[in-house]
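The following block contains a protein sequence and its predicted model.
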Amino acid sequence: MSSVTQGFAHFCTRVAGVTYENRDGSSRQEAIQNCRCYEQVYLEPEPDNPVDPNAIRVVRGNGEQIGYLRADLAGEVANDLQQGWVFVAFVAAVLTPDDVYDTFGLELAVFRVPQAATARELCSYVDSVWPEFSGRPYPATA
């Protein structure tokens, strides 16, 4: 984790696997194009994943899968989830095709939260570190 304060931690990461189709045939690329900055997304363990038992799916609130956490992060997150930590994730940036990447992508701001933390404590922590992700205030208190 990149930073830890009073049990909270946070990191920023690109979503992996964004060019693959979902098991139901839906397009992750189409789902990503509908994402918006600051949208909350959900991290769901996928222990039956045939490639990685620590796989963590990234899904939108409507259930659309948009990819996975990178494998090097998924093991740590899976372990923390088993220990009772809570993770909250937001879209920090929707990445459009450019000279480097020819597909859409997402950058996430991910927060590890103590299970006993209040919503006010989480909001205070997010407000204090959000500029690290985007250089601008998180809109909930802007």
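Here it is on my side, so go on.

moving C-terminal of the least confident helix or strand in the chain by mean pLDDT, what's the next helix or strand?
In the chain, no helix or strand scores lower on mean pLDDT, DSSP states H and E than strand 3-5, which sits at a mean of 51. As assigned by DSSP states H and E, the chain's next helix or strand after strand 3-5 is strand 8-14.

That following strand: partners in the sheet, and parallel or antiparallel?
strand 3-5 (antiparallel), strand 105-113 (antiparallel) (DSSP bridges).

could you give me the average pLDDT of that strand?
Mean per-residue pLDDT for strand 8-14: 90.

Contacts for it, please.
1-3, 69-70, 73, 92, 95, 105-114, 117, 121-122, 125, 129, 132-133 (Cβ atoms under 8 Å, 6 or more residues apart in numbering). Using the backbone N, CA and C atoms, a C-beta is placed for each residue, glycine as well.

What residues of it count as buried?
Residues of strand 8-14 classed as buried by neighbour count (16 or more other Cβ atoms under 10 Å): F8, A9, H10, F11, T13, R14.

And for stretch 20-37?
N22, R28, Q29, A31, I32, C35, C37.

Can you verify the last one is assigned to a helix?
Going back to what we said before, that points to C37. No: C37: not assigned to a helix; according to DSSP: H, G, I helix; E, B strand; the rest coil it is coil.

How about the contacts made by it?
Counting by Cβ under 8 Å, 6+ apart, C37 has contacts V91, A92, A93, V94, S134.
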